[in-house]
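> Turn this into a model:
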Amino acid sequence: MSKPFTYSISKIRFDENYKPADSTRLTTNFANLARGDSREDNLRRALTMINNRFNALAHWDNPQADRYSVEVDIISANLDVEGNGNTFPAIEMLQTTIVDHKHNTHIDGIIGNSFSSYVRDYDFSVVLLEHFEKNPNTPPPASFGVLHGKLFQHLLGSEAYKTNFNKQPVICLSVSTSKTYHRTTNVHPVLGVEYRQDEYSLTDEYFHKMGLTVRYFMPEGSVAPLAFYFAGDLLADYSDLELISAISTMETFQKIYRPEIYNANSAAAQVYQPSLKYQDYSLTQVVYDREERSQLAVKQGKFTEAEFIKPYQDKLNEWAANFKPITAADNATAGKKQVA
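Predicted coordinates:
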C-alpha cells in the first residue's frame with residue numbers, strides 16, 4: 001500500500017500508432033488528432049510539421065534541414081489520494097526528446113509543453129460557469145484554481161517527478177483572445193521577439209496559482225506570440241535545442257487547433273489582439289474537431305466533480321489547508337534526479 005497523496009508517473013509514445021489511453025482527456029490536442037478515419041494521417045502529418053519546424057529553427061550545421069527529429073511522450077501523473085492504489089489521472093504533459101541524426105544521439109528536450117488536467121476542466125467548465133450564472137460580470141471567487149495550483153506544485157515536489165525529470169516544466173499555450181499584446185525591443189535568439197501586456201488573462205492568473213510565471217514570445221518565422229509558463233528562469237535554465245523542441249511541438253498543435261491565430265497569412269503587428277474571427281489564414285491538412293472539444297470540456301468537468309472532487313472533498317480540503325506551496329528557493333532545486 002502506498003502513502004496517501006502520492007503521484008506515480010506513466011508514459012506513452014505519441015507517434016503514428018498512438019491510441020489515447022482510457023484515462024486521457026478526449027479534449028486534449030494530441031488525443032483529438034488520434035481519433036476517426038484520419039487518425040494515422042493526422043498523426044503522421046503533425047509529427048512531420050514538428051520535425052520540419054524544429055529543423056527550420058535549429059538551422060546551424062544543418063544545411064539539408066534534416067539533422068533532427070523530435071520524439072514526443074505523453075506523461076501522465078496519477079494521484080493516489082488515500083494510499084490504497086486507486087489513482088486519478090490528475091495531470092498530463094508532454095516530454096520531448098531530440099534525436100540528432102548527425103551524431104546518432106538522443107538529447108533531452110522539455111517536460112511540459114502541452115498541459116492537460118481534469119481538475120482544470122472542473123474549474124473552468126463547472127465552477128466558473130456556475131459562478132458567472134449566479135454572479136455575471138464579477139471576478140471568479142478567491143478560491144478559484146487554488147486546489148489545482150497546489151496539486152500541481154505538489155507534483156513538482158514529489159519523488160515521482162524528481163526521479164523522472166531533470167528540470168522544471170515549461171508549458172507553451174496560445175495567447176488570450178481577450179487581451180492586447182505589445183511588441184517590445186527584446187529579442188531572444190530562439191524565442192524571438194518578446195510581447196507584453198498590461199493585464200493578465202484568466203488563464204495567466206490560473207497558472208500563477210500553479211507557481212508559474214508567464215512571458216510571451218514570437219519566434220522567427222511565427223505569426224503570433226506564444227505564452228510560455230515556467231517556474232524558474234526561462235532564458236537561463238534551458239538550452240536552445242530544448243526551447244526549440246517546445247516551440248516546434250506546441251506551435252504545430254496551435255496551427256492545427258487555432259489556425260486563425262497561428263496559421264494566419266500575416267504576422268502579428270506592433271500592437272496585437274488575437275482573434276478566432278480572423279479570416280485571412282490557411283488550414284493545415286490535419287483534421288481537428290474543435291466543436292467536439294468544447295462540448296466535451298463540460299462533460300469532463302462533471303466527470304471530475306463526480307469521480308474526484310465529491311468523493312475526496314474532505315480529504316482534499318484538509319490536505320490543501322496544510323500544504324506548503326513551493327517557494328522560489330525550492331524551485332531552484334526541485335526537479336533534480338535523485339542520486340543513488
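> low-scoring stretches of the stretch 201-340 of the chain, by residue?
Along the stretch 201-340 of the chain, the parts satisfying pLDDT under 70 run over 288-295, 326-340.
> Need the three-state assignment for I111.
strand (DSSP: H, G, I helix; E, B strand; the rest coil).
> same check, this time on Q153
Relying on three-state DSSP, one would call Q153 helix.
> do the same with G301
Applying three-state DSSP: G301 is helix.
> ok, the closest residue to it other than its chain neighbours - contacts?
The shortest distance from G301 to any residue other than its chain neighbours is 3.5 Å, reached at S125 (Cβ to Cβ, 6 or more residues apart in numbering). In this view, the C-beta of every residue, glycine as well, is placed from N, C-alpha and C. Residues counted as contacts of S125 (Cβ atoms under 8 Å, 6 or more residues apart in numbering) are A297, V298, Q300, G301, K302.
> pretty sure S125 is in a strand, no?
No. Checked against three-state DSSP, S125 lies outside a strand; its state is helix.
> measure it to I74 for me?
22 Å (Cβ to Cβ, to the nearest Å).
> And the helices in the stretch 151-300 of the chain?
159-164, 202-208, 240-257, 259-262, 290-304 (DSSP state H, counting those that start in this stretch).
> hang on, the earlier thing: which members of the contacts of S125 are classed as buried?
By neighbour count, with 16 or more other Cβ atoms under 10 Å, the contacts of S125 hold A297, V298, Q300, G301 as buried.
> Contacts only, for the second one.
Same thing as V298. D121, S125, V126, L129.
> And for the third one, nearest residue in space, chain neighbours not counted?
Ranked by Cβ to Cβ, 6+ apart and with sequence neighbours excluded, the top spatial neighbour of V126 is G301, at 4.2 Å.
> ok, which stretches of the chain are strands?
For the chain, the strands defined by DSSP state E cover 6-14, 68-80, 88-100, 105-117, 170-174, 181-188, 192-196, 213-218, 226-230, 271-272.
> Using PDB, write out every CA atom in the second one.
As requested, the backbone C-alpha atoms of strand 68-80 are provided in PDB (Å, rounded to 0.1, in the frame of the first residue of the first chain):
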ATOM      1  CA  TYR A  68      17.000  16.500 -36.100                       C
ATOM      2  CA  SER A  69      13.700  14.800 -35.300                       C
ATOM      3  CA  VAL A  70      11.600  15.100 -32.200                       C
ATOM      4  CA  GLU A  71      10.200  12.200 -30.200                       C
ATOM      5  CA  VAL A  72       7.200  13.000 -28.100                       C
ATOM      6  CA  ASP A  73       6.000  11.100 -25.000                       C
ATOM      7  CA  ILE A  74       2.700  11.700 -23.200                       C
ATOM      8  CA  ILE A  75       3.400  11.900 -19.500                       C
ATOM      9  CA  SER A  76       0.600  11.100 -17.100                       C
ATOM     10  CA  ALA A  77       0.800  12.000 -13.400                       C
ATOM     11  CA  ASN A  78      -1.600   9.800 -11.400                       C
ATOM     12  CA  LEU A  79      -2.600  10.800  -7.900                       C
ATOM     13  CA  ASP A  80      -3.400   8.300  -5.200                       C
END
